[in-house]
Structures are given as C-alpha cells and as structure tokens.
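In: Fold the following, please.
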Amino acid sequence: MRRVKGISDLDMLYIMPKGEWDNYKDGGQSKLLSDAAAAIRARYPKTTVRVDRLVVQAVYSNFTVEAQPVFEQDDGSFKYPDTYNGGSWKITKPRDEIQAMSEFVAEKNNNLRRLCKMARAWKNKHGVGIGGLLIDTLAHNFLKSTSEYDDKSYLYYDWMSRDFFAYLKDLPKQDYFAALGSGQRVKVKKNFQRKAKKAHELCLKAIEAEGKDNQNDKWRAVYGRLFPAAEKVEKAALTDRAGHAVRMTEEFPEDVFATIDIRNNIRIDCQVEQNGFRPASLREMLSNRTLLMPRKKLTFSVVETDIPGSYGLFWKVLNRGQEAINRDCIRGQIVADEGYKRNVEHTKFKGDHVVECYALINDVVVATDRIHVPISANQEDEDE
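Out: Here you go, the predicted model:
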C-alpha cells in the first residue's frame, strides 16, 4: 500500500451487509471486530493486524489503516461496536458532518478548510495533543462566531491567524465540544489554551515584522517549516553578525521524520545539579525567573506523557544567541535517545538555549515538547 505524504493514518467505515446484524446484535461487538480482523489477515497475510477497542488496525511502516465495521441505519447514520465495559452499540453520523462541513466551507469562502490545515500545522509544530476532529470543530466555531472573514482570502490570513488564536486562548476549559453537523461529543484530551496564548503572541510579533527580512521566520515560529522561509537571507545575516562563516547545523523534524501527527502529550523537565547545591527543577527555576549560571549539570528527562505503551525518543539541543554564533556552535542536530529516556548536558556559555524531544510510534512523531535553558554568563567569565 502506498502512503499519502503527510498522512499517518486512514480511518474508514466498512458497511456490513444488513443480513449479518442478527449474528452480532446481542453482545457481539468483540466477535464482529475479531471476524473483521480475521478477514483482513486472510486477504493481507503479511500485514500486522490487531483489534483495538473500536476498530481493526492494519499497521504498516509510517502508516496505519483503521477499519470500523458498521451497520447502516434507516436515517443514514451507522451503528458501530464499542467493546469497552462489556460491549455496546454506538451511533456515528459522518454524512451529517460531511454535509455540514461542505455547506459551511462555501459560506466562508473556503477559509474553513484552509484554517483547519493551518491549525494542524500549529498543532504539530507546538506539540498540541488534540485530535483532528477537535481542530475542525474549533476552526468551525471560530469562523461561525465572526463574519469578518466571510469574503476574505489569503491576503488576510495574518489577521485571521491572530484572531483565531485569540479566540482559542479565551475559550473556557471544558471536557468536550459538539462536532459540526452531528453534534457528536468531541473529547478534549489536553487543554490547549496556554499554547494558543503563546501562538497569539507569536502572531502579533509576525504582524509587526511585516515587510522585514525576518517576517517569514516569525510566521515559521507559529506554523513550522511548512511556512516558506528565505534561507539565504538567514545564512547571510548570521555570517554578517559573526564576522566569519557560521555552520548551519540545525535540523528540523519536518525534514528528518517521514510524518508528524501530534495526537499525544509529552512533557520534559530538567534536573539542575552543581556540587554543593541541592538539585532543582529547571521548570521551577524558570517560573521563579531564575537564570542559570555556567558549570551546571543538566539532565533532561520525560516526566509526563499519555502515550500508551513503548515509544521511540529523539532529542535536539539548539544554542541560540550571539555567543553561539560567535563560537560557531549552533548545534541543533536531531539525535536518537540512547535508551534511557534522558539527555545530559552542561551549561557553558550564555544565551537562550532550547532542548526539544520527539516521541515516535511506528516512525510517526506523535508528541513533542521543548524547554528553554537561559544561561546568564560564559564559563570563562567565572574563571576570571
């Protein structure tokens, strides 16, 4: 099977013959999924096939197909099996959602689909562990709340981005939202308001940079590498600031990994150690606005995640600021974890340093997090 670039999974319904209903209607949810899995294995014997709570998964490299056997109802909805807590039949209404989406897209000058894509780019860039249906629902709710962009197009997407994230950051925290068309409950796995507030601030900075050389870089801070940048300008600027050639060693997840589809949450922290001092949490130090001094040992590790089961982990350490440029020591390479889910560094020179992690399942990045490491002085300064 060939994978569609940028797509990590495909969800599909398989409409069962109506005559099969009597064989499964009385507590046959698990049997239906097991029978569907057996049929797929018989057709694709080399493929890994497994039964999940609601679906049958066919697992390929970088790609998963989730098939859900359903029974069509007279009103066009579908009954699907849920094996949780002894089994039950649930109702889904994808046709209502598709129709409502199509009608709304036309009313909003096609801006809904484009905003959904932009919001997914933000989700993947900033590790916002929420599902695609919730993204679509939030984008729809925003455009429904305003007529400002009903007749606008690309020229106004900077303002639309600003207003969208302003809308998200001010939403009250709640457990679910109602999906467009069907009213189906869309669960909120993780609150997104804090990261939306950060995105809103980044949008304001990007709008302020209108017409400047760094304008594209500002938007890349919001949406990632999918937003075009003028790399030649960036290299020239760095060389000019350093007075000598600077190696551009930074790697980007969009270039290193085949697929990024953030659906889980992960959180890293760092233990700061120095002889004669009690170990401290970097996040606690940052919340107290405490800057780091040189000669500290930094141990970064995963402290929280909702990823089920095992996963792969990669690290990226990026040195930013004039001192990193002067030393030609930007770093930024993405490297695999050595198996301990931690990365040890030492503070050496001043500047804003950034450490990121990427968690992968089946070669798909499903969660990411970053932490800033502000160092206030050079090691040489302390030696004087």
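
In: Distance-wise, check Tyr223 relative to Lys169.
Out: In this view, Tyr223 and Lys169 are 17 Å apart by CB to CB, to the nearest Å. For glycine as for every other residue, the C-beta is placed from the backbone atoms N, C-alpha and C.

In: Over to Asp22?
Out: Following CB to CB, the distance that separates Asp22 from Lys169 is 51 Å.

In: These two - which one has more neighbours?
Out: Lys169 (17 against 9; other CB atoms under 10 Å).

In: From Leu202, how far out is the more buried one?
Out: Counting by CB to CB, the gap from Lys169 to Leu202 is 12 Å.

In: what helix or strand is the spatially closest residue to Arg225 that is not a sequence neighbour on?
Out: The shortest distance from Arg225 to any non-neighbouring residue, by CB to CB, 6 or more residues apart in numbering, is to Glu254 (4.1 Å). In this structure, Glu254 sits in helix 253-256 according to DSSP states H and E.

In: Rounded mean pLDDT for that helix, please.
Out: Averaged across helix 253-256, pLDDT comes to 89.

In: Adjust the sequence numbering to begin at 37 for everything that follows.
Out: With the count now opening at 37, the last piece we talked about shows up as helix 289-292.

In: Check which helices and strands whichever helix or strand comes after that helix is in contact with.
Out: Moving toward the C-terminus from helix 289-292, the next helix or strand (DSSP H and E) is strand 295-296. The contact analysis (3 or more CB pairs under 8 Å, 6 or more residues apart in numbering; DSSP states H and E) places strand 295-296 against strand 400-411.

In: what packs against the strand it packs on?
Out: Short answer (3+ CB pairs under 8 Å, 6+ apart): strand 400-411 packs on strand 295-296, strand 302-309, helix 318-323, strand 333-341, strand 387-397.

In: and the angle from it to strand 387-397?
Out: Counting by axes from the mean of the first three to the mean of the last three CA atoms, to 10 degrees, strand 400-411 lies at 160 degrees to strand 387-397.

In: Tell me the gap between strand 400-411 and the middle of its chain.
Out: On the basis of CA atoms, centre = their mean, to the nearest Å, strand 400-411 sits 11 Å off its chain's mean C-alpha point.

In: and the angle for it with strand 333-341?
Out: 140 degrees.

In: residues of strand 400-411 that come out buried?
Out: For strand 400-411, the neighbour count (16 or more other CB atoms under 10 Å) marks 400-405, 407, 409-411 as buried.

In: same thing with stretch 335-355?
Out: In stretch 335-355, counting by 16+ other CB under 10 Å, buried: 335-336, 338, 341, 343, 347, 349-355.

In: Show me the two of those that sit farthest apart.
Out: Distance extremes for these: the farthest pair is Ile343 and Asn355 at 28.3 Å, using CB to CB.

In: tell me the strands in the stretch 137-286 of the chain, going along the chain?
Out: Assigned by DSSP state E, counting those that start in this stretch, the strands in the stretch 137-286 of the chain fall at 212-214, 221-223.

In: Let me know the average pLDDT across the last one.
Out: For strand 221-223, mean pLDDT is 88.

In: for the first one, same thing?
Out: For strand 212-214, the mean per-residue pLDDT is 92.

In: Show me what it is packed up against.
Out: By 3+ CB pairs under 8 Å, 6+ apart, strand 212-214 packs against helix 168-180, strand 221-223.

In: Lowest mean pLDDT across those, which one is that?
Out: Taking the mean pLDDT of the helices and strands packed on strand 212-214, strand 221-223 comes last: a mean of 88.

In: List the strands paired with that one, with their directions.
Out: Strand pairing for strand 221-223, determined by DSSP bridges: strand 212-214 (antiparallel).

In: chain center to the strand it pairs with, what's the gap?
Out: That offset, for strand 212-214, works out to 20 Å (CA atoms, centre = their mean).

In: Now that strand: buried residues?
Out: Phe213.

In: quick one: Leu197 from Trp158, how far?
Out: No Leu there; residue 197 is Ser. 9 Å.

In: For Trp125, what are phi and psi?
Out: Main-chain torsions, Trp125, degrees, to the nearest 10: phi -110, psi 130.

In: Could you do Ile51 as well?
Out: According to degrees, to the nearest 10, Ile51 has phi -80, psi 110.

In: Got the confidence number for it?
Out: Ile51 is assigned a pLDDT of 96 by the prediction.

In: do Pro330 as well
Out: 79.

In: how close does it sit to Arg77?
Out: Distance of Pro330 to Arg77, given as CB to CB: 58 Å.

In: With neighbour numbers in mind, choose between those two.
Out: When neighbours are counted by other CB under 10 Å, Pro330 and Arg77 differ, and Pro330 comes out ahead with 19 against 16.

In: would you say the more buried one is within a helix?
Out: No: counting by DSSP: H, G, I helix; E, B strand; the rest coil, Pro330 is located in no helix; its state is coil.
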